[in-house]
Every structure is written in structure tokens, then in C-alpha cells.
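Novice: structure, please.
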Amino acid sequence: MQLGRDFVRALRQIESEKGLSEEIIASSLEAALVSAYKKFKGGNQTVEVFLDFENGEISLCEVRQVVGEIENPDQEVTLDEAHAMGFADVESGDVIRIEVFPENFGRIAAQTARQVIIQRLKDAERQVIFEEFADRIGDLVTGSIFKTEGDQILVRVNERTEAILPREERIVGEAYHPGDRLKFFLLDVRQTTRGPRIVVSRTHPGLLRRLLELEIPEIQEGTIEIRNIVREAGARAKVAVASLDTNVDPVGACVGSRGTRIKSISGELGGERIDVIVWSSDPLAYVRNALSPAKIAKIEPILEQEKALRVFVRPDQLSLSIGKAGQNVRLAARLTGWKIDIKVLEPERLPTLKDLFEDIITDTGDSLWEDPKKD
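Specialist: As a prediction, the model looks like this:
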């Protein structure tokens, strides 16, 4: 059966536009024709389809087994019938393929073939999208805000793929307008009955990690390592870094000249403040760094508690060490994994004249005063 050059061109166009391989298109078409033929014949035949994309030809064959006595007319044929069809060398038990010419498929059969082709192509396209993004979980993706759908915002990550930005993955207070282009963290990809469900995030610490890797060459090269990141998205984040080269200052490299590098990253996150601190294997030093920019006077472990420290700061550093609504100390605790109890260190003072006289009176008072009744 001749499909024609126009049909072949249409298949080539599908292959190009949908990004599908010729094998996927061929298998979809074969399945469609098998389904349509079975519906047309109204039986349970075994059907094989052979496609020739170059010439635009197609052939359908019913597969039958040669038997002495027929029990299943849809699957079997007698030896005499096989000989009459031109299969002279077959014997009982052999399998033959009888080419059929279903010119009278009719409207129902044609519609069935069309529907199956469309569905199979959709399924194949969804699989291609799933495979493309399933290997990219944890990557940075750029997309444009498409539309709002209930509690979710749809993000177009390429011409044929949309991702979901759930409410819980949005930065509080950040506006999302159609057409805005933003960077996202690819959080999850899973296959559903409606196709791949791709979820992106603006709040995940991984987004900040990928932006740092993108912006800072020393991190890309492996000279500087990111040891941990914690975020309160849109407000503040803390990043612990370590240098594998003693000649490279990890904080200075991340911040950049006049803060250009870290400002660029902060701008991508809606102005989120980013504290870059030096990681240390010494928990006391690590906690001291993590509470930056506050200046710490003294740190001591709390022996009766596990992984707990008491941090002393001078009065003028108290609000800075705690941060707005406890944000600084909360992030420092999450970054280091240590419980932090901040105390004010009372300023030491020299004794006054009043203190000295009180001490003298206290020490000598009893000896200077005698009871007149004693004698």
C-alpha cells in the first residue's frame, strides 16, 4: 500500500518538530495500523506492519499458523488453504504471513489509526521530555513565567516544556509576572498519567549553590569548596566555604572586588543578603565565623547538653549576633549543627572609693565596735 511522498514529508516534519526519532514514529504508526485493522476485521488476528520510509510504502500481514484442523480461525489456516495461497513449501506447524490490502478500512478504521498515532506520539513526546529532565534534577534551569494556575505558577523552560513552581517553593514577597525570566533549581521530575511533572524551586539552598558555581570561577575549578548552605529565602543566607589553596582567600574570592560577585548573585535572588564565612573543623571557630558579622567575646561548651555552646558577646554586639527576629543566630545554628545560647558579657569595672570604704567598714567594723555590756 502506497502512503505517498506527502505522508513521508509529514512524518519527517513530526520527527523534526517533536524531536522524536524515526523508530518512535514508525512504532507509533505500526501500532495505530494494527489497532485499526483489528477493529476493521473485528477479530483477534496477529498483525504485523512493515514500513518503508524511503519509498512511502506500507504492508500489513496477518500471521497464521498452519494446522490440520482449525480451532481458531483468526490465528490458524489449514495446509490446503496455505497451498492455495501460494505457500507451496509449508508444512503443518509452520507460521505464514499473509499480506492483506485493507483498501476499505473505512472512516472508523482511519479515525482509529489517527487517534492512536496522536496518542502514541504524545506518549513518546512525554517520554522524551521526561528523559531529558530526569537526568537534570539538581541543575540550574532558566525559564519564563507563563501563567498562574491555582496555587501553582507555570514556568516555560523551553518551547515544549512547562514546569510547576508551587507556593511553598516561592520566595515570600517576590512578584512573578508573565514573561519574567528567572533562574530556578530543578527540584523533581516524575512521570504521571498526564505526562512528566517537573517541579522547580526558588527557595532551595541548591539554587544558591548553583549560582555560586556559575558566578565564581574558583568554585568551578575546585579551588574553593562549598561546605554548607542555609537559607531563609529572600531574606538571608549563610554559606560556609573552604579553600584548598592557602594562597586563595575563600571569602574574598566569593565576595569579589567591591562585592561585585556576591551582589550579582543576591540580585538573582531578589536582594537576599548572603553571608560568606570560612568553614572550620574546630566547632568553636566555626560557630564564631558563622555568627558573623557579630564580634564574639568568648565561647564555651555547655557540658550538660550535647553539641551546645554558650556564646558571650558585649552589649553593643547583642542585637547583631541575634539578628532580626533571631535570624542570624538561627541560621548560624543550622549552618554549624550546634545549639547556640547567646549571653551578654558584663563589662568589667575598676573598684570605686565607695567600694573600698565599704570593704574597710565590713572588714574592720566588728573590731572597732565593742559592746559596753561586755565588761
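Novice: all helices for this structure, in order.
Specialist: Ranges of helices within the chain are 5-18, 22-41, 79-84, 106-134, 205-215, 217-221, 250-255, 260-268, 283-290, 318-322, 327-336, 353-368, based on DSSP state H.
Novice: between these, which one is nearest to Val95?
Specialist: helix 79-84 (10.3 Å; CB to CB). Every C-beta, even on glycine, is put in place using the N, C-alpha and C of the backbone.
Novice: kindly export that closest one (C-alpha atoms) in CSV.
Specialist: Extracted C-alpha coordinates of helix 79-84, given in CSV (Å, rounded to 0.1, in the frame of the first residue of the first chain):
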residue,chain,number,x,y,z
LEU,A,79,-2.4,-26.8,4.9
ASP,A,80,-4.7,-26.9,1.8
GLU,A,81,-5.6,-23.2,2.3
ALA,A,82,-1.9,-22.3,2.7
HIS,A,83,-1.0,-24.1,-0.5
ALA,A,84,-3.9,-22.4,-2.3
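Novice: could the helices of the chain go into a markdown table alongside mean neighbour count?
Specialist: As requested, these are exported to a markdown table (neighbours: other CB atoms under 10 Å):
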| stretch | mean neighbour count |
| --- | --- |
| helix 5-18 | 13 |
| helix 22-41 | 18 |
| helix 79-84 | 15 |
| helix 106-134 | 16 |
| helix 205-215 | 19 |
| helix 217-221 | 15 |
| helix 250-255 | 19 |
| helix 260-268 | 16 |
| helix 283-290 | 20 |
| helix 318-322 | 16 |
| helix 327-336 | 21 |
| helix 353-368 | 9 |
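Novice: so Phe220 touches Ile226, yeah?
Specialist: Quick fix: residue 220 is Gln, not Phe. No: with contact defined as CB atoms under 8 Å, Gln220 and Ile226 do not form a contacting pair (11.3 Å).
Novice: intersection of neighbour lists for the two?
Specialist: Overlap of the contact sets of Gln220 and Ile226 (by CB atoms under 8 Å, 6 or more residues apart in numbering) consists of Glu213.
Novice: how about a markdown table for the helices of the chain, with distance to Asp180 added?
Specialist: Supplementary listing: those in a markdown table, determined by distance: least, CB to CB, whole Å:
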| stretch | distance to Asp180 |
| --- | --- |
| helix 5-18 | 27 |
| helix 22-41 | 35 |
| helix 79-84 | 69 |
| helix 106-134 | 21 |
| helix 205-215 | 16 |
| helix 217-221 | 27 |
| helix 250-255 | 27 |
| helix 260-268 | 12 |
| helix 283-290 | 34 |
| helix 318-322 | 35 |
| helix 327-336 | 27 |
| helix 353-368 | 67 |
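Novice: give me every residue that touches Gly270.
Specialist: For Gly270, counting by CB under 8 Å, 6+ apart, the contacting residues are Ile171, Gly173, Glu174, Gly234.
Novice: give me the nearest residue to the last one, chain neighbours excluded.
Specialist: Once its chain neighbours are removed from consideration, Gly234 has its nearest residue in Ile171; the separation is 3.8 Å (CB to CB, 6 or more residues apart in numbering).
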